[in-house]
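Enquirer: Fold the following.
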Amino acid sequence: MNDFNRAYSPGPTGQTMDMSVNEGLRSFMLGVYNKMALGLLLTAALAYAFGALVPESVTLTLLTGPIGLVIMFAPLAILLLSGFVMKNPSPTAANLVYWSVVSLIGVGMGAIVYVYARQPDGMLIVSKAFLTTAIAFGGLSLYGYTTKRDLSGLGVFLIMGVIGVIVASVLNMFIFKSSMFHMVISVVGLLVFAGLTAYDTQRLKNMYFQIAGNARAMAVATTFGALSLYLDFVNMFQFLLAIMSGRD
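Expert: The predicted model follows:
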């Protein structure tokens with residue numbers, strides 16, 4: 001924080017450091033957003049391929065039944081396992097986690113394409129949900145980047161919200177099977193991940209000032225930062241899609 005304060009101190013020295021810090025921060029955040037965008041592009045390509053291009057028998061085999069459940073919960077398992085095992089991950093290991101999660105989510109989201117592509121105006125609803133998510137995500141991330149308010153205090157509550165949404169979703173999937181409960185979960189989930197978008201953006205911005213100059217740490221932070229924002233975006237999209245279409 002001392003380096004951060006000096007960077008924004010008045011006078012010629014402060015202005016010079018301010019320019020250097022800003023350029024480094026912009027480069028770091030641009031790397032995060034670029035990697036996130038590549039992840040979304042791969043997810044969209046895989047979702048379309050498994051939802052519309054491969055034979056229907058292959059899609060139903062992969063996305064329903066036991067295999068479908070494995071694909072659905074595998075990203076969560078990878079995230080939890082990596083959190084316990086990878087105490088000091090290398091850039092290669094971070095990339096392996098990132099692209100594994102992105103690929104599995106892409107295959108799993110083939111179910112969305114499969115269902116909506118067979119409904120009147122289904123893909124139009126998907127397009128509207130994606131565009132709305134992109135606009136909302138951009139605004140929330142910009143807020144997290146520019147706000148002077150410290151959002152760190154929200155972190156615990158947002159993580160608790162994520163856990164609650166996951167538990168409620170699993171219970172509703174296997175026990176309650178209530179469309180009304182699913183809609184409530186979708187609204188709450190949308191709000192939670194909207195908050196996480198701003199929170200994660202500010203967290204990444206603050207992290208930069210702690211690891212600037214450490215190339216290995218920067219590479220790992222770029223990848224896991226992209227993963228955080230990618231998950232925020234994907235979850236916002238899925239919850240918003242459920243709200244807009246009224247579907248589970």
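
Enquirer: In contact with the residue nearest to A217 when sequence neighbours are not counted, which residues?
Expert: Nearest residue to A217, sequence neighbours excluded (Cβ to Cβ, 6 or more residues apart in numbering): I211, at 4.0 Å. Every C-beta, even on glycine, is put in place using the N, C-alpha and C of the backbone. By Cβ atoms under 8 Å, 6 or more residues apart in numbering, the contact list for I211 reads A217, M218, A221.

Enquirer: Quick one: buried ones out of those?
Expert: Using 16 or more other Cβ atoms under 10 Å as the burial test, those include M218, A221 as buried.

Enquirer: and which of the contacts of I211 is nearest S178?
Expert: A221 (40.3 Å; Cβ to Cβ).

Enquirer: so for stretch 142-152, what's the average pLDDT?
Expert: For stretch 142-152, mean pLDDT rounds to 95.

Enquirer: Return the set of buried residues in it.
Expert: Those buried within stretch 142-152 under the rule 16+ other Cβ under 10 Å are G144, L151.

Enquirer: What's the end-to-end length of it?
Expert: Start and end residues of stretch 142-152 are separated by 16 Å (Cα to Cα, to the nearest Å).

Enquirer: Residues touching that stretch, excluding its own?
Expert: Residues from elsewhere that reach stretch 142-152 (Cβ under 8 Å, 6+ apart): M29, T197, A198, Y199, D200, T201, Q202, R203, K205, N206.

Enquirer: Which strand or helix spans V188?
Expert: helix 179-211 (DSSP states H and E).

Enquirer: Switch the contacts of I211 over to a markdown table; also include secondary structure and pLDDT.
Expert: Converted to a markdown table, those look like this (DSSP: H, G, I helix; E, B strand; the rest coil; pLDDT from 0 to 100):
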| residue | secondary structure | pLDDT |
| --- | --- | --- |
| A217 | helix | 95 |
| M218 | helix | 96 |
| A221 | helix | 97 |
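
Enquirer: Looking at the contacts of I211, spot the one nearest V97.
Expert: Nearest to V97 out of those is A221 (Cβ to Cβ; 13.3 Å).

Enquirer: Quick check: that closest one touching N206?
Expert: No: A221 sits out of contact with N206 when judged by Cβ atoms under 8 Å, with a separation of 11.1 Å.

Enquirer: which residues are in contact with both of the two?
Expert: Contacts common to A221 and N206, judged by Cβ under 8 Å, 6+ apart, are absent.

Enquirer: Now the helix ranked longest in the chain: buried residues?
Expert: Selection of the longest helix in the chain by residue count, based on DSSP state H, yields helix 12-48. The neighbour-count check on helix 12-48 (16+ other Cβ under 10 Å) flags 17, 21, 24-25, 28-29, 31-33, 35-36, 39-40, 43, 46-47 as buried.

Enquirer: again, but for stretch 72-83
Expert: For stretch 72-83, burial by neighbour count (16+ other Cβ under 10 Å) applies to M72, A74, P75, I78, S82.

Enquirer: repeat for stretch 177-192
Expert: So for stretch 177-192, counting by 16+ other Cβ under 10 Å, buried means H182, M183, I185, S186, G189, L190, V192.

Enquirer: Contact partners for the last one?
Expert: V192 makes contact with L158, G161, V162, V165 under the criterion Cβ under 8 Å, 6+ apart.

Enquirer: please redo it, this time with the cut-off set to 6 Å
Expert: L158, G161, V162 (Cβ atoms under 6 Å, 6 or more residues apart in numbering).
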